[in-house]
Each structure stands twice: as structure tokens, then as C-alpha cells.
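[1] Give me coordinates for this.
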Amino acid sequence: MFIYKTTFLLIYAIFVLGISSTLNKDTSALTLRTIKGAEEVVDTTNIYYINVQGGGDLTKHIQDQIDAVPNGTAQKANVIKFPRGRFWTEGNLEWNPKGKNGIINFVNKHHLIIEGFSKEEPTVFYTKAPAIPFGGNVSRGNYSHRRHFRIHQSTNITVRNIRIEGSNTIEGKVLGSSSEFTPDFWEGGKDSGSKSGFPAYQSYWEFEHAFDIINSQNITIEDSSVYGVWGDGVYIGQSTTNPSENIILRNLHLKFTGLQGIAVSDARKIIIDKVWIDKGRRSGIDLEPFHDEGFANDVEVRNSKIDVQLTPFAAGGRGDVSNIYIHNNEYTGSGNTIFCRTSNEKNPTIRKNWKFIKNVRTNTYGSSSPVIKFGWTENILIEGNVDRVSHKKGLYVGASYCNNIVIKDNEVKGGKAIRIYKSNNLEVKKNKPGLEVINNG
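    Here you go, the predicted structure:
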């Protein structure tokens, strides 16, 4: 623990539109801490403390202070420290009702460490309502694009000890079913999509993500949580010419996400480690480029827990989704364990190098569709997994237009068969029970 000197040599005020924001920087040249009985000298000249004052919507009050923090350097990152507390940050909806900008913005920022109060008491940023009202025929261009924590065109950023809370927080109840379960902003009557303890899904708000990483490199989000957002817990993308890459998501709890837990499009070199996607409305990890030139490459998912309504590991869409390593995870879901299949069947991009190793399903899969479904993919290894199938057909793997598939040492309770179509070089061995191969062409 740092033992800070009690005097700050620099305190300055920022006045914008009548709102006073105070940003404190610890300019003490040195402070001391003790590690294993020995004194270690630690430089604290690069720590900037966000001072939160007043009530109401604190978006601008906080953003002004963030904007005043200079970029760090490769030798020494600057540190932004948030205080203990739960702060209303709605994102200035009066002048930006459709949420085209983020709420808390880090745009063109470099070499920063962004810290909430502590791992045990993270700093909380919350909203009370989505960006646009419910109901009506909303055109695609009017959908919300509000992001809670927006990291764009930035490099070498670490975020830790932050909690994002949205307004999609009705636990196990149907929104609109009675006044007791209806938020103030809800105007459209019953929502048939909120069920079985999962949050609501509404297309108007599906882009209201918690953490939004765009065109950024060397980004880490760790020891943080998300609760009740209408879109993704974390979104990573979104340019083929300046892709996001070298992204680490570690020790996250993403609960009640209205779309995906984590979505990746036009990004590469992603590590997802010790992430709990808890009651996700749709997919858990979604690797989904939205055009033929798009990609989601070099992704590792490990040591994580995926609890979603639909598909734990999805890779639909178009483009290249290759070099994917999913291992040592637990998961539930009513959809396929893995769905990897391009939507462009006339001119498919061949996806390559998928490894699914030592993963365990903790519920039972009851669909007649294969547990694991691949199309137009080469070099697939499915090894050492435990799954449970209740449907009488018991299809474990379905592969169409695939090449080089190894399925071995899996325990498939209830599984009976592997079905292939126009696929080559299949190796099946040492599975329990033994799996019949059905070749449909």
C-alpha cells in the first residue's frame, strides 16, 4: 500500500458551462512503501485524482477532468484514479438523445491506467434509462449507439476496478407485466422477450454496450463488472484498416447483458481469461464480422464461465474467423455449443484452425441440431470435452464443407453421432460412448 504525503503541490479548477470540476494530481516527488521489510522508492508524480462533487447527472463534470489528463509515455503511464462511490452518468441525453457519443469517453488517449477505487469496492457508473424512447417504428439509423465506457483510437490503456450498471436490470420478471416491474422509461406495454431470469432484448438498444473498444491497440480491462446493459458487455471492433488488437479481458463479471457477453468484429489477438458471462440474453462469446472483408482472428478463451440463453460460442456473420482456441471453460446454453458458419454461402471465406479442448457443459442440450456445428472450416480439433445431450438423435458434431477434423477423447452423455456433408479427412477416436459417423454426401 502506498503511504502518500499529505500535501498536493498542484490543484487546479476547470470551469466549463458553469460546472466546476476539480482534478487533483499528486505531485509529491517520492513516496515510500515497505515490501518484505525493505523500503522501495515509488514515483507518484503521474497520478491524477478525479474529484467528484455535486449530484445529478455527473457525465460532463467527470469528462472535463478526464480530458484534462495528458497522455503518458511508453516509459511511464499516467494514472487516472476515481474515488469510491456510485455516480449517475447518463451521457448528456438532452443534447444527444440518440446516444451517438459515449458516456465516459477515452478518445485518442495513450499510455493511461484508469482505476476505480479498489477491486473490492469498484467505482460504479450507472444510467437510469436507454438513449431513445421505447416503441414505434424506429429506423436503423435511429438506433441507440450509446456506449458507457468508450475507448476509441487509443493505445496502451488499462482499465480496472470499474463497474458499469445499465437499466436492463429486471431479474427474472417480464418488463411491463405490472407497474411493480416496469421502469419509469418503459412505454410500450409487455415485453415478451424477457423470460427465465434473463434480461430483456430490444433491437433499438442493442448497441448500448458497456465497454466499447474501437480502433485501439494494447488495451486491458480487468477486475471489473457489468450489470444490466442493453447491448454487449464488451464490444471490440470495428475497422479492417485500423483494427483493434492485443486486447486482454481478465477477471470480469458480465451479468444481464441484453445482446452478447463479448462481441468481436474486425479485431485480432484477443485474450479472454477468467470471465463470467452471467445470464446473458443471447450469445456468450460472439465472433462475428459483418462483411466479407471482416475478421475476428487469434482469439483465446480460457478459464471462463459462460451462462447464456442461446449459444455460448458463436461465429456467424461473414468474413474470416480463424485461429480460435477455446479451452478449460464451463458453459450453459440452449443453442449450439459452437456455431461457426459463414452466412455467405455463395462465396464463403474458408475459416481455419479451431481448437475446442477440455470444456464442460453444466446443463443439458436438448435440440435435434448438432451440439457443435461447423461450415466451411479447416483444421478443427475437438478434444477432451464433456457434454450432455438429451435429444434422441444425439448429434454431437455437424460439419459441412469442412476439412481436417479430429474428434477425440470427448465424453458425450447421450451423444450418438457425428454428421458430415461434403467434408474430408475426419478422425474420430476414444470418445465415450463411441460416436457413429453419418456421411450425408
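[2] And the contacts of whichever strand or helix holds Leu381?
    Assigned by DSSP states H and E, Leu381 belongs to strand 377-383. Strand 377-383 has contacts (C-beta atoms under 8 Å, 6 or more residues apart in numbering) with 340-341, 350-358, 372, 374, 397, 399, 402-410. Every residue, glycine included, has its C-beta placed from N, CA and C.
[3] go again using 7 Å as the cut-off
    Residues outside strand 377-383 that contact it (C-beta atoms under 7 Å, 6 or more residues apart in numbering) are 340, 350-357, 372, 374, 397, 402-410.
[4] same thing with stretch 398-414?
    370, 373-390, 394, 396-397, 418-432, 435.
[5] now the helices: where do they sit in the chain?
    Taking DSSP state H to define them, one finds helices in the chain at 59-68.
[6] Quick one: low-confidence residue ranges for it.
    Where the chain drops to pLDDT under 70, the residues are 1-44, 133-141, 170-173, 187-196.
[7] 50 instead, please
    Along the chain, segments meeting pLDDT under 50 span 1-22, 27-38.
[8] Longest strand in it, please.
    Scanning the chain for the strand with the most residues, using DSSP state E, yields strand 267-280.
[9] What strands line up against it, and which way round?
    Strand pairing for strand 267-280, using DSSP bridges, gives strand 244-255 (parallel), strand 296-302 (parallel), strand 305-308 (parallel).
[10] can you pull the buried residues of the longest one?
    Within strand 244-255, the residues that qualify as buried are 244-247, 249-255, counting by 16 or more other C-beta atoms under 10 Å.
[11] now stretch 367-385
    Residues of stretch 367-385 classed as buried: 370-385 (neighbour count, 16+ other C-beta under 10 Å).
[12] Looking at those, which two lie furthest apart in space?
    Using C-beta to C-beta, the buried residues of stretch 367-385 reach their maximum pairwise distance at Trp376 and Gly384, which is 25.0 Å.
[13] which residues does Tyr396 contact?
    For Tyr396, the contacting residues are 370-372, 387, 389, 412, 415, 417-418, 435, by C-beta under 7 Å, 6+ apart.
[14] can you map out the strands along the stretch 51-200 of the chain?
    With strands called from DSSP state E, counting those that start in this stretch, the stretch 51-200 of the chain shows them at 78-81, 86-88, 104-107, 110-115, 123-126, 149-152, 155-160, 162-165.
[15] got JSON lines for the ones you listed, with mean neighbour count and distance to Gly197 too?
    Below are these laid out as JSON lines (neighbours: other C-beta atoms under 10 Å; distance: least, C-beta to C-beta, whole Å):
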{"stretch": "strand 78-81", "mean neighbour count": "20", "distance to Gly197": "36"}
{"stretch": "strand 86-88", "mean neighbour count": "15", "distance to Gly197": "24"}
{"stretch": "strand 104-107", "mean neighbour count": "20", "distance to Gly197": "29"}
{"stretch": "strand 110-115", "mean neighbour count": "22", "distance to Gly197": "32"}
{"stretch": "strand 123-126", "mean neighbour count": "21", "distance to Gly197": "21"}
{"stretch": "strand 149-152", "mean neighbour count": "23", "distance to Gly197": "26"}
{"stretch": "strand 155-160", "mean neighbour count": "20", "distance to Gly197": "29"}
{"stretch": "strand 162-165", "mean neighbour count": "23", "distance to Gly197": "18"}
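[16] How many residues are close by Ser144?
    Neighbourhood size, Ser144 [other C-beta atoms under 10 Å]: 22.
[17] still on that earlier bit, pick the one among the buried residues of stretch 367-385 closest to Thr73.
    Asn379 (41.6 Å).
[18] what's the distance between that closest one and Glu427?
    In this view, Asn379 and Glu427 are 12 Å apart by C-beta to C-beta, to the nearest Å.
[19] any idea how far Gln65 is from Thr73?
    Distance, Thr73 to Gln65, using C-beta to C-beta: 21 Å.
[20] These two: who's more crowded?
    Neighbour comparison, Thr73 and Gln65: the larger count goes to Gln65, with 21 against 12 (by other C-beta under 10 Å).
[21] and the more buried one, how far is that from Gly85?
    Taking C-beta to C-beta, one finds Gln65 at 14 Å from Gly85.
[22] ok, now Leu112?
    According to C-beta to C-beta, Leu112 and Gly85 sit 21 Å apart.
[23] again with Gly366
    Counting by C-beta to C-beta, the gap from Gly366 to Gly85 is 45 Å.
[24] Quick one: neighbours of Ile50, just the number.
    Ile50: 23 surrounding residues under other C-beta under 10 Å.
[25] Isn't it up against Ile62?
    Yes - taking C-beta atoms under 7 Å as the definition, Ile50 is a contact partner of Ile62 at 6.3 Å.
[26] Now for the residue nearest to Asn71 when sequence neighbours are not counted: which residues touch it?
    Closest residue to Asn71 apart from its sequence neighbours, by C-beta to C-beta, 6 or more residues apart in numbering: His110 at 4.4 Å. By C-beta under 7 Å, 6+ apart, His110 lies in contact with 71, 154-156.
[27] ok, now which ones touch Gln217?
    Going by C-beta under 7 Å, 6+ apart, Gln217 touches 155, 244-246.
[28] how does it look with 10 Å?
    110, 153-157, 242-247, 267, 269 (C-beta atoms under 10 Å, 6 or more residues apart in numbering).
[29] Dump the residues you listed to CSV, plus distance to Gly284.
    Listed next are the contacts of Gln217 as CSV, based on distance: C-beta to C-beta, whole Å:
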residue, distance to Gly284
His110, 31
Gln153, 28
Ser154, 26
Thr155, 28
Asn156, 28
Ile157, 24
Asn242, 27
Pro243, 22
Ser244, 19
Glu245, 22
Asn246, 22
Ile247, 17
Ala267, 17
Lys269, 20
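[30] Tell me the one of those nearest Tyr201?
    Of all the contacts of Gln217, the one sitting nearest Tyr201 is Ala267; the distance, using C-beta to C-beta, is 23.5 Å.
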